[in-house]
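K.L.:
What follows is a predicted protein model with its sequence.
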Amino acid sequence: MEEFRIAVRTYGALNGYNLKFKCNDRKRAQGVCKVGCNWRIWASKLGSNEIVQVKSYTPEHTCTRSQNNRHCNYIFLTNKYLEQFKADPDWKTKSILAIVKDDLKIEISRNVANKMRKYAKELLFGTMEEQFGLLRRYAAEVLRSNTGSTVMISLHEQVFKALGQDTTDCIYPMAYAVVRKENTDAWRWFLKYLQEDIKIGNGRGWTLMTDHQKGLHNVCEELFLEAEHRFCDFLWRATKSTTVAEFRQWMQKISEVSEEAHGWLLKRHLQEWSRSHFLEHSKCDILLNNICEVFNKTLLEDREKMILNMLKSVQMTFMKRIQ
């Protein structure tokens, strides 16, 4: 009888009718439409076997289609459009809304569309629990196929990454991690392994360019005592000055406009944001963190994926970038 019920619900969903069942049990079921509508269907099992026979059917509707069809839930819609999800696992919510409206002449909410995306990923790639269960196999394969790599497994959720700049001033990805929450402990965990893997030591000869992530600046100062640590968002004229005299000239102009801004800037470590105070042993003069911002954009879609698919996609992005 369950297949019969599914068939009736599917008919209702595709044609815009909110059907329901009367006399609904293991051996029989009657499908009806709204009160006053003539449409109905009756079916029951034949004897003791599993064969279901339609005994009577009145196909004409005397009611109007419903714009809010309760049969068009996310499970039904996901199964209807599963081939589309197979072709495009990252099918966008906006596109889903438009296609469903055009095909079925109904409007679904963004919440239903988002549930469709989540359910489709479970059908195609497994549940979150199943994906986490495969992480150790994935880690073993990464270590087997990428000699010298480091793989650590823990239960986290946000994405961290470390990027370098090669001799042509292009992005060179080095490490990434998925963490539960962005805080000092998470950054310390990430940077300690990075420090160990690429042999940064106390940071001498290295330049660290960061944004103002929670706890990151403190951890950099804690682990890399001799590294230059720079930010990317202070005043350009003073920032780009290459001599101390030029720097003082522009700082004087800032002081004339705002004593408060001038005092605030002087509280920052000058070697973090002005070329005039960069250490001589460092051969890097970058002031912006644009390489991280650009690379962040390439990872936006990956963040929405399930854990194993996300890791695979980020790994492929790193490999293509290095090539």
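P.N.:
Yes, it's here.
K.L.:
Can you give me the domain assignment for this protein?
P.N.:
Listed by automatic domain parsing, the domain ranges of the chain are 2-58, 74-125, 135-232+288-322.
K.L.:
show me the contacts for residue 96.
P.N.:
Neighbouring residues of residue 96 by CB atoms under 8 Å, 6 or more residues apart in numbering: 81, 108, 113, 116-117. Backbone N, C-alpha and C define where each C-beta goes, glycine included.
K.L.:
try residue 126
P.N.:
By CB under 8 Å, 6+ apart, the contact set of residue 126 is 134, 306.
K.L.:
start the count at 36, not 1, going forward
P.N.:
Understood, numbering begins at 36; the last thing we discussed is residue 161.
K.L.:
can you tell me how far it sits from residue 241?
P.N.:
Going from residue 161 to residue 241 by CB to CB, to the nearest Å gives 41 Å.
K.L.:
Same check on residue 85?
P.N.:
From residue 85 across to residue 241, the span is 72 Å (CB to CB).
K.L.:
the more surrounded of these two?
P.N.:
Counted by other CB atoms under 10 Å, residue 85 and residue 241 do not tie: residue 241 has more neighbours, with 19 against 9.
K.L.:
Can you flag which of the contacts of residue 131 belong to helices?
P.N.:
148, 151-152 (DSSP state H).
K.L.:
Including distance to residue 40 and pLDDT, could the contacts of residue 131 go into CSV?
P.N.:
Formatted as CSV, those follow (distance: CB to CB, whole Å; pLDDT from 0 to 100):
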residue, distance to residue 40, pLDDT
116, 21, 92
143, 22, 85
148, 25, 91
151, 22, 92
152, 26, 90
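K.L.:
ok, and the most crowded of those residues?
P.N.:
Per-residue neighbour counts (other CB under 10 Å) across those peak at residue 151, which has 26 neighbours.
K.L.:
and it, what does it touch?
P.N.:
Contacts for residue 151 (CB under 8 Å, 6+ apart) come out as 109, 112-113, 116, 131.
K.L.:
in the stretch 86-235 of the chain, which spans are helices?
P.N.:
109-115, 117-122, 128-139, 145-160, 163-168, 170-180, 219-232 (DSSP state H, counting those that start in this stretch).
K.L.:
Out of these, name the one with the poorest average pLDDT.
P.N.:
Lowest mean pLDDT within these: helix 163-168, a mean of 79.
K.L.:
From the contact counts, what lies against that helix?
P.N.:
Counting contacts by 3 or more CB pairs under 8 Å, 6 or more residues apart in numbering; DSSP states H and E, helix 163-168 packs against helix 342-357.
K.L.:
buried residues in the helix it packs on?
P.N.:
Of all the residues in helix 342-357, those buried under the rule 16 or more other CB atoms under 10 Å are 342-346, 348-350, 352-353.
K.L.:
Dump stretch 228-238 to PDB, restricted to CA.
P.N.:
Provided in PDB are the C-alpha atoms of stretch 228-238 (Å, rounded to 0.1, in the frame of the first residue of the first chain):
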ATOM      1  CA  TYR A 228      52.100  22.400  13.500                       C
ATOM      2  CA  LEU A 229      52.900  24.900  10.700                       C
ATOM      3  CA  GLN A 230      56.000  26.000  12.600                       C
ATOM      4  CA  GLU A 231      57.100  22.400  12.900                       C
ATOM      5  CA  ASP A 232      56.300  21.300   9.400                       C
ATOM      6  CA  ILE A 233      58.000  24.100   7.400                       C
ATOM      7  CA  LYS A 234      60.700  24.800  10.100                       C
ATOM      8  CA  ILE A 235      59.900  28.400  10.900                       C
ATOM      9  CA  GLY A 236      61.700  28.200  14.200                       C
ATOM     10  CA  ASN A 237      61.500  31.400  16.100                       C
ATOM     11  CA  GLY A 238      60.600  33.300  12.900                       C
END
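K.L.:
buried sites along it?
P.N.:
Under 16+ other CB under 10 Å, the buried positions of stretch 228-238 are 229-230, 235, 238.
K.L.:
what's in contact with that stretch?
P.N.:
In contact with stretch 228-238 (CB under 8 Å, 6+ apart) are residues 185, 187, 197, 209-210, 241, 258-262.
K.L.:
make it 6 Å
P.N.:
The contact list for stretch 228-238, computed with CB atoms under 6 Å, 6 or more residues apart in numbering, reads 185, 197, 210, 241, 258-262.
K.L.:
Could you save these as JSON lines and add columns showing pLDDT and distance to residue 302?
P.N.:
JSON lines is the format used below for those (pLDDT from 0 to 100; distance: CB to CB, whole Å):
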{"residue": "185", "pLDDT": "79", "distance to residue 302": "38"}
{"residue": "197", "pLDDT": "56", "distance to residue 302": "28"}
{"residue": "210", "pLDDT": "81", "distance to residue 302": "32"}
{"residue": "241", "pLDDT": "80", "distance to residue 302": "24"}
{"residue": "258", "pLDDT": "85", "distance to residue 302": "23"}
{"residue": "259", "pLDDT": "84", "distance to residue 302": "21"}
{"residue": "260", "pLDDT": "80", "distance to residue 302": "21"}
{"residue": "261", "pLDDT": "80", "distance to residue 302": "22"}
{"residue": "262", "pLDDT": "78", "distance to residue 302": "21"}
